[in-house]
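# here is a sequence together with a model predicted from it:
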Amino acid sequence: MRVISTYVREQERYTKNNLRELFFFDETGVECFIKNLKAFGVLKSVKNNIEQLEKSMLVNDDLEIIDDTAENGECLYVFTYVGIITYGSRIIKVYPKYLLSKEDLLNKMKQVLKVLEKYNRSEEQIINVFNGNNENRSFNMLAVILYLLNDYYEYGIYSNSEDIVEINGDGDILWGRTIDESFAFIQNNRPYYMELYTRKTIDDNQDYFTRLHECILTECSEQLHLAQIDILFDMDQILLSEEKLHDFGDTDYILEQLQKELNIQFNTRRQSLLKTLYAYVAQNKKMLEDTEGISMFGTTAFHAVWEKVCAEVFDNKLRTSLEKLNLSVPLAEGYKPNDTLIEIIEKPKWQGLDTEVKIAADTLIPDLISISKVENNDYFLIFDAKYYNIQLEKGKKLSGNPGIGDVTKQYLYQLAYKKFIKDHNIAVVRNCFLMPTEKNEIINKGTVKLEILEVLGLENIQIRLMPAAMMYEYYLTRQKIDIRQLDL
């Protein structure tokens, strides 16, 4: 089987001819490919015009319903996804839009996938066994395989253990049984037992489910290897078994045994593993053999991943209790120690002509607040993680920039905390947009300001391009950034 594995860039505009050539389709094949990917929400179509070709991101106004069988050149296709998609024997590797260079894509993509794995774990996202719904439903074989392999790396092989009792063995002494059933010698009023009953737990390596788990793991590893994506996930090939699934009985028999085992297991991890093994066996097909089946590992919302990375690296204090903020002065009167920064933002108050005041549930919510100490001065830093490709160069049109709503809200965040900042003698306040870049250094891109808000004494919003690779490394290794690197 020929595997076609190709990189594409998130939100880059592709024509139908581009897709046909990249993935070696005929006319019917590429139309089916486009239709299926659109059905699963990872591909969008937009008008083919100069304005679209110049854009680096999609907005709602860009999207329109276009006939999937449109003639070549009538529309452009955009991947709204970051991660890995398998479509039969086609492997689509979608890298983030801020990567403008194709150099060293393998290592960059490996790091992105590690970030996605950690993000999924931190958000406690449940494995998506199926993609889509109703008629647009496909078994997510890739996600299932990755879950099984990662579970194995963390917990090892499924095993059923057996407790055995020995005489003078190496296990724990069973004093009750030893006293009841052994003969004791008494010396100096102390009993001495010649035979001690001991207990130890042994794993049954020939257990049906142990062998089945080893067989499926070997098969999963082989599928990743054949798809040429094991290297992307930094996974060595696993060879634990020479058995095949049919050696364990037909599909119905294996599923029946797994169900019986599920009924007697109450450990959460074991239950999750058995259910995933059940789903894998029930599918009864391979990832690359499912001609039009779609498997995915990644996200259509990489902006949320970037926000999470920034929040972790900049040590977000938004939900930290006020008493733990490590300010230079004690908490001022009127503030509750257990309140958080998000809780002290004022909420809208609504009052009818004949009603009492009613407080709204929602209010302003900043992306992240960082409080740092630099040369004995407290810094109050209001950051907004923006997953944008901004163009702000001399002689070029402004594009890829946050909208007016983002700018005004960033000013309002400072206004919302103005009293808190004053009450605690915080010396320095800064407002800043954080955007990813493939470069290796932090780039000062300038500022954005609204004079009608600037005159209120609010800080204009600075723009910093943050090296994504550095940010990911900090995120993966749980490091915090020194805010002095931003030169705010």
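Looks like it arrived, so ask away. Just so we're clear, the structure is a prediction, and the values are computed from it rather than from any experiment. Numbering: from 1, shown residues only.

# residue closest to the middle of this structure?
residue 119 (2.9 Å; C-alpha atoms, centre = their mean).

# buried set for the host helix or strand of that one?
Using DSSP states H and E, residue 119 sits in helix 105-122. Buried residues in helix 105-122, defined by neighbour count with 16 or more other C-beta atoms under 10 Å: 108, 109, 111, 112, 113, 114, 115, 116, 118, 119, 120. For every residue, glycine as well, the C-beta is placed using N, CA and C.

# let's have the residues you listed in a markdown table, adding pLDDT and distance to residue 255.
Formatted as a markdown table, these follow (pLDDT from 0 to 100; distance: C-beta to C-beta, whole Å):
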| residue | pLDDT | distance to residue 255 |
| --- | --- | --- |
| 108 | 97 | 41 |
| 109 | 97 | 36 |
| 111 | 97 | 38 |
| 112 | 97 | 36 |
| 113 | 97 | 31 |
| 114 | 96 | 34 |
| 115 | 97 | 36 |
| 116 | 95 | 31 |
| 118 | 93 | 33 |
| 119 | 93 | 33 |
| 120 | 88 | 27 |
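
# helices along the stretch 101-250 of the chain, start to end?
105-122, 141-155, 175-181, 208-226 (DSSP state H, counting those that start in this stretch).

# out of those, nearest to residue 445?
helix 105-122 (21.6 Å; C-beta to C-beta).

# just checking, what packs against the closest one?
strand 82-87, strand 90-95, strand 294-299, helix 302-313, helix 468-476 (3 or more C-beta pairs under 8 Å, 6 or more residues apart in numbering; DSSP states H and E).

# could you export the second one as CSV, CA atoms only?
Spelled out, that is strand 90-95. What follows is strand 90-95 as a C-alpha-only set of coordinates in CSV (Å, rounded to 0.1, in the frame of the first residue of the first chain):
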residue,chain,number,x,y,z
ARG,A,90,-3.3,9.8,2.9
ILE,A,91,-1.6,11.4,5.9
ILE,A,92,-2.3,15.2,6.2
LYS,A,93,0.2,17.0,8.5
VAL,A,94,-1.3,20.4,9.2
TYR,A,95,1.3,22.8,10.8
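
# neighbouring strands of that strand in the sheet, and parallel or not?
Strand 90-95 has the following sheet partners, assigned by DSSP bridges: strand 4-9 (parallel), strand 82-87 (antiparallel).

# packed most tightly, which of those would that be?
strand 82-87 (a mean of 24; mean count of other C-beta atoms under 10 Å).

# quick check: chain neighbours aside, which residue is closest to the residue nearest to the centre of the chain?
residue 305 (5.0 Å; C-beta to C-beta, 6 or more residues apart in numbering).

# okay but the one you found is in contact with residue 120, surely?
No: using C-beta atoms under 8 Å, residue 305 makes no contact with residue 120, being 9.4 Å away.

# weakest of the helices and strands packed on helix 105-122 in terms of mean pLDDT?
Of all the helices and strands packed on helix 105-122, strand 294-299 carries the lowest average pLDDT, namely a mean of 92.

# paired strands for that strand, with orientation please.
Strand pairing (DSSP bridges) places strand 294-299 next to strand 82-87 (antiparallel).

# wait, which of the helices of the stretch 101-250 of the chain is closest to residue 418?
Using C-beta to C-beta, the helices of the stretch 101-250 of the chain put helix 105-122 closest to residue 418, at 32.4 Å.

# list of residues touching the closest one?
By C-beta atoms under 8 Å, 6 or more residues apart in numbering, the residues outside helix 105-122 that reach it are 7, 82-84, 93, 95-96, 99, 150, 231-234, 297-299, 305, 308-309, 438, 469, 472-473, 475-476.

# how close does the residue nearest to the centre of the chain sit to residue 269?
According to C-beta to C-beta, to the nearest Å, residue 119 and residue 269 sit 21 Å apart.

# buried ones among the contacts of helix 105-122?
Of the contacts of helix 105-122, these count as buried by 16+ other C-beta under 10 Å: 82-84, 93, 95-96, 99, 232-233, 297-299, 305, 308-309, 438, 469, 472, 475.

# low pLDDT regions in the protein?
Counting by pLDDT under 70, the low-confidence segments of the chain come to 1, 50-73, 123-137, 161-166, 200-206, 290-292.

# most remote residue from it's center?
residue 188 (66.8 Å).

# list the buried residues in stretch 171-179.
171, 174, 178.

# contacting residues around the last one?
Listed by C-beta under 8 Å, 6+ apart, the contact set of residue 178 reads 193, 195, 196, 197.

# now that we have the residues you listed, which one has the most neighbours?
The most crowded member of the contacts of residue 178, judged by other C-beta atoms under 10 Å, is residue 197 (22 neighbours).
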